[in-house]
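Student: Fold the following for me, if possible:
(chains A and B)
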Protein chains: 2
Amino acid sequence: MSHDPIEWIAADWGTTNLRCWAMSSSGHVLFRAESESGMNSIVKSGGNFETALLELIRPWLREGETIRVEACGMVGAKQGWIEAPYCETPCSPATLRSKAPSSDDGIEVWIRSGVKQSAPPDVMRGEETQIAGLLSLHPEFEGLVCLPGTHTKWAQVRNKEIQSFQTFFTGEVFSLLANQSVLRLTLAPEGTDETAFLQGVTTSFQSPESLLSDGFRLRAEALLEELDGVEARSRLSGLLLGHELAGVFKASDQPEFVFLVGSDELVELYRVALSSLSITHRSITNESAILGGLSKI
Amino acid sequence: MSHDPIEWIAADWGTTNLRCWAMSSSGHVLFRAESESGMNSIVKSGGNFETALLELIRPWLREGETIRVEACGMVGAKQGWIEAPYCETPCSPATLRSKAPSSDDGIEVWIRSGVKQSAPPDVMRGEETQIAGLLSLHPEFEGLVCLPGTHTKWAQVRNKEIQSFQTFFTGEVFSLLANQSVLRLTLAPEGTDETAFLQGVTTSFQSPESLLSDGFRLRAEALLEELDGVEARSRLSGLLLGHELAGVFKASDQPEFVFLVGSDELVELYRVALSSLSITHRSITNESAILGGLSKI
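Tutor: Below is the predicted model:
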């Protein structure tokens, strides 16, 4: 007895990772595979995108057949496999794709277009596909979508289109401050203290103008009061996220509903923060969003 | 004809540098010397503070005589030569000092105490001496002092005492974002565009909650509109400084007068920013502030 045949392959190809799914005709995941052949490592090593992809999915290919690969993410950037031109807001997400040149007859690779916004200038690659996936699961959804990540995106969705969006590089700033600023001497390398996290969220949401002072204070508290390293790490995380949320919600007196799309760990962080601010939310996983988005052509 | 004899030696001994001045009895600078033997490099190399000092000032010593060295800065920290205990606010700055143990009869080294604050927790080492110097030059001064640096200090001075102070690690965050975040791909390594700088100051002063989004926008503008690298660098600098100023002045409806003490380059940056916000200011140089502070015992 053979299982379902592989009908097509989904690829989430970002800056640091390549993740692939072998999909059945009925939309089920048959196999998963992942490597660290993200765009950056390929560009840096002078490598080849096709080779990196084939290395990962070769076991899924069949002699004499051509399988379709649907990809999204930084693989469509200027330094990627082929530049997939941006769609401009307002636009229906992930409906355009570019065919990547390949020399192997076993694959036919399509890369989704990212989305750009002119005023204020902003860009996304990959998140538009997650939003398309959200819309395939919840076709009538309208409102605010948050896609947490190194560069978190907040998008306004209406009429099945991305109307506008805003990027916060909160995750990247956290990582730099935790690992490379003077705070590295104070912060534990891991661990979570929810009370300290929420203390940071509240402080920064109420006084976002004090971020560069509130951050340094963790160091002073460590010197003067032996602040615990996990507490310090969680408070910094909360300070940065509270600052982001102040930026998102400053314009509206009344917090809105938020749909979260992302990894379990980051979504949990945002859930806790949003709950503390009495902002309602739901979430779907990264995987279901990406597969939903790449299933639609 | 011989010049004035060296009466004492002043030392500004920070995290990354050691700067010394040979002083006459009348308070004139006879010689200057500088090395990169800051606290960090000595601690890291397992070196010796006394050796590092003697390497720099040996030519100024005379056989059979003991010369007094007055030092301030991180050399008095826990990892420094000897821990000079903090004074606590409110306090008269740089009036306490600790004698550092030395094996060479040619020097007698005194290190000024830093200042700590309990609520909210904050610390300074070195800046208290600059403030003492400011007070020796302007004994009646009361008001706000700004000491720009990697970790900029803002201090309230009244009755010749530091009443309170606040640290912003703006300089350190700028350096991390410019050199190590995604913005490194966009920012020129140097150069100043005053218009872009002031644009950043204004944006961030008015909307400090948007810092983590305004920062990323520089990258998007570079991708979509080929934003100039010098313009991007200056705007980022302005965004961070405007954010700091929003934090300092949030509480007061009316901007105050500010006395600036620091390096020419940083003071100029703050002057431009403060002027654009119609905040009046004066300044003295780092050197005159430190020498003024170390002259008083």
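Student: So is stretch A:264-283 next to chain B?
Tutor: No - using C-beta under 8 Å from any C-beta of the partner chain, stretch A:264-283 stays clear of chain B, with a minimum separation of 13.5 Å. (Each C-beta comes from the backbone N, C-alpha and C, glycine too.)
Student: residue ranges of the helices in chain A, please?
Tutor: Ranges of helices within chain A are A:39-44, A:49-57, A:127-137, A:170-180, A:194-206, A:211-225, A:229-249, A:264-276, A:286-295, based on DSSP state H.
Student: Put together a markdown table for those helices, with mean neighbour count and distance to B:Phe197 on each row.
Tutor: Listed next are the helices of chain A as a markdown table, based on neighbours: other C-beta atoms under 10 Å in any protein chain shown; distance: least, C-beta to C-beta, whole Å:
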| stretch | mean neighbour count | distance to B:Phe197 |
| --- | --- | --- |
| helix A:39-44 | 17 | 31 |
| helix A:49-57 | 18 | 40 |
| helix A:127-137 | 25 | 31 |
| helix A:170-180 | 20 | 21 |
| helix A:194-206 | 20 | 25 |
| helix A:211-225 | 22 | 17 |
| helix A:229-249 | 25 | 21 |
| helix A:264-276 | 17 | 33 |
| helix A:286-295 | 22 | 39 |
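Student: quick one: which of those helices is nearest A:His28?
Tutor: helix A:286-295 (9.7 Å; C-beta to C-beta).
Student: CA atoms of that closest one as CSV?
Tutor: Output of helix A:286-295 as CSV, limited to C-alpha atoms (Å, rounded to 0.1, in the frame of the first residue of the first chain):
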residue,chain,number,x,y,z
ASN,A,286,2.9,30.0,11.1
GLU,A,287,2.6,26.6,9.3
SER,A,288,-1.1,26.7,8.6
ALA,A,289,-0.8,30.3,7.5
ILE,A,290,2.0,29.7,5.1
LEU,A,291,0.6,26.4,3.7
GLY,A,292,-2.8,28.1,3.3
GLY,A,293,-1.2,31.0,1.4
LEU,A,294,1.0,28.9,-0.8
SER,A,295,-2.0,26.6,-1.7
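Student: quick check: angle from that helix to helix A:127-137?
Tutor: 90 degrees (axes from the mean of the first three to the mean of the last three C-alpha atoms, to 10 degrees).
Student: now helix A:286-295: mean pLDDT?
Tutor: Across helix A:286-295, the average pLDDT comes to 96.
Student: what do you get for stretch A:112-132?
Tutor: For stretch A:112-132, mean pLDDT is 97.
Student: buried set for it?
Tutor: For stretch A:112-132, burial by neighbour count (16 or more other C-beta atoms under 10 Å in any protein chain shown) applies to A:112-117, A:121-132.
Student: go on, stretch A:76-85?
Tutor: The neighbour-count check on stretch A:76-85 (16+ other C-beta under 10 Å) flags A:Gly76, A:Ala77, A:Gly80, A:Trp81, A:Ile82, A:Ala84 as buried.
Student: ok, how many other residues are close to A:Gly38?
Tutor: Using other C-beta atoms under 10 Å in any protein chain shown, A:Gly38 has 20 other residues around it.
Student: Can you tell me what sits against the least confident helix or strand in chain A by mean pLDDT?
Tutor: Least confident helix or strand of chain A, by mean pLDDT, DSSP states H and E, is helix A:39-44 with a mean of 92. With C-beta atoms under 8 Å, 6 or more residues apart in numbering or on different chains as the test, helix A:39-44 has contacts from A:13-16, A:47-49, A:52, A:73-75, A:77, A:79-80.
Student: what does the stretch 51-200 of chain A put close to chain B?
Tutor: Counting by C-beta under 8 Å from any C-beta, the stretch 51-200 of chain A sits next to chain B at A:116, A:118, A:120-123, A:151, A:166-170, A:172-173, A:176-177, A:180-182.
Student: at 10 Å what do you get?
Tutor: Contacts of the stretch 51-200 of chain A with chain B, taken as C-beta under 10 Å from any C-beta of the partner chain, map to A:77-78, A:86, A:88, A:116-118, A:120-124, A:150-152, A:154, A:166-177, A:179-183.
Student: A:Ser244 touches A:Thr152, doesn't it?
Tutor: Wrong residue type there; residue A:244 is Glu, not Ser. Yes - using C-beta atoms under 10 Å, A:Glu244 is in contact with A:Thr152, at 6.7 Å.
Student: Spell out which residues are contacts of both of those two.
Tutor: Overlap of the contact sets of A:Glu244 and A:Thr152 (by C-beta atoms under 10 Å, 6 or more residues apart in numbering or on different chains) consists of A:Cys146, A:Gln166, A:Phe168, A:Phe169, A:Thr170, A:Gly171, A:Tyr270, B:Leu212, B:Ser213.
Student: Would you list the phi and psi of the fourth one?
Tutor: Read that as A:Phe169. A:Phe169 adopts backbone torsions of phi -90, psi 40, taken as degrees, to the nearest 10.
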